[in-house]
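[1] coords below, sequence missing:
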């Protein structure tokens with residue numbers, strides 16, 4: 001089957017932006033293509049021009065500089081999984097990408113694609129939101145940086161403007177002793193869309209009090225969401241088992257799940273409560289058995 005589009009491999013971001021400006025709404029950016037190819041074959045999108053950024057150097061970098069980790073939008077999931085730099089700075093992202101789909105897909109799928117698709121169940125998003133990540137957007141009007149939590153607006157919807165592209169994801173440096181976790185709950189261990197996923201990170205004081213904590217729920221609302229009430233219940237406290245159970249229950253109350261072919265809304269709430277509790281036990285080391293391990 002022949003597709004009526006032109007294929008362009010821009011040599012620079014300037015070439016890419018110029019081409020997108022000319023193509024307007026008929027242009028599309030191709031990175032890994034694992035989602036875009038499916039949409040084209042299904043007739044859900046019909047671009048006139050495809051701009052392939054899979055080897056565009058500014059979008060292919062993994063760089064740690066001036067206290068920030070910069071991951072290019074066209075960096076593949078397999079490359080993230082193999083990166084010692086990413087493992088050191090945001091290990092929960094490495095955990096997330098190693099549980100995505102199959103090895104073949106991870107060799108093609110990109111970080112930018114996982115974000116721009118804006119699926120509520122996207123596995124890379126909760127760890128990045130928990131890490132206060134931003135996305136760098138470039139377009140004809142210049143460059144801007146937007147918090148990832150604000151960039152994804154809803155299922156399939158982002159704050160990407162016409163002619164703009166996601167160039168990179170930026171993660172600020174964290175405390176060296178930060179603990180982080182990612183948990184994926186699916187119907188099988190591999191090649192499954194998350195029923196829910198969740199990520200968290202915690203900074204502890206030397207006296208055992210929680211200095212800061214982030215709890216992010218995926219596939220439990222239209223976008224990955226911070227469980228702010230659950231976080232507030234633990235911040236500044238020395239958490240014991242009852243505190244963790246209270247926070248997990250608050251997370252379940254805060255989430256806004258839907259019923260679909262994978263689970264009911266009620267079922268998702270139960271999973272959120274159970275797995276948030278498990279994650280908090282691991283993060284804090286204050287579980288019922290008193291054990292916990294650093295990531």
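    Yep, it's here. Keep in mind the model is a prediction, meaning the values are calculated, not measured.

[2] so for the spatially most central residue of the chain, what's the pLDDT?
    Nearest to the mean C-alpha position of the chain, by C-alpha atoms, centre = their mean, lies residue 125 at 1.3 Å. With respect to pLDDT, residue 125 has a value of 98.

[3] so it makes contact with residue 151?
    No - counting by C-beta atoms under 8 Å, residue 125 sits too far from residue 151 to count as a contact (9.8 Å). All C-beta atoms are positioned from the backbone trio N, CA, C, and that covers glycine.

[4] anything in contact with each of the two?
    residue 115 (C-beta atoms under 8 Å, 6 or more residues apart in numbering).

[5] longest helix in this protein, please.
    Longest helix of the chain, by residue count under DSSP state H: helix 265-284.

[6] and it, what does it pack against?
    strand 179-185, strand 196-204, strand 210-218, helix 228-234, helix 241-254 (3 or more C-beta pairs under 8 Å, 6 or more residues apart in numbering; DSSP states H and E).

[7] re earlier: what sits against the residue nearest to the residue nearest to the centre of the chain when sequence neighbours are not counted?
    Of all residues not flanking residue 125 in the chain, residue 224 sits nearest, at 4.5 Å (C-beta to C-beta, 6 or more residues apart in numbering). Neighbour list for residue 224: 120, 122, 125-126, 129, 149, 152, 216-218 [criterion: C-beta under 8 Å, 6+ apart].

[8] separation between residue 224 and residue 160?
    To residue 160, residue 224 is 17 Å away according to C-beta to C-beta, to the nearest Å.

[9] one more: residue 218?
    20 Å.

[10] those two: which has the busier surroundings?
    Neighbour comparison, residue 218 and residue 160: the larger count goes to residue 218, with 29 against 20 (by other C-beta atoms under 10 Å).

[11] sounds good, over and out.
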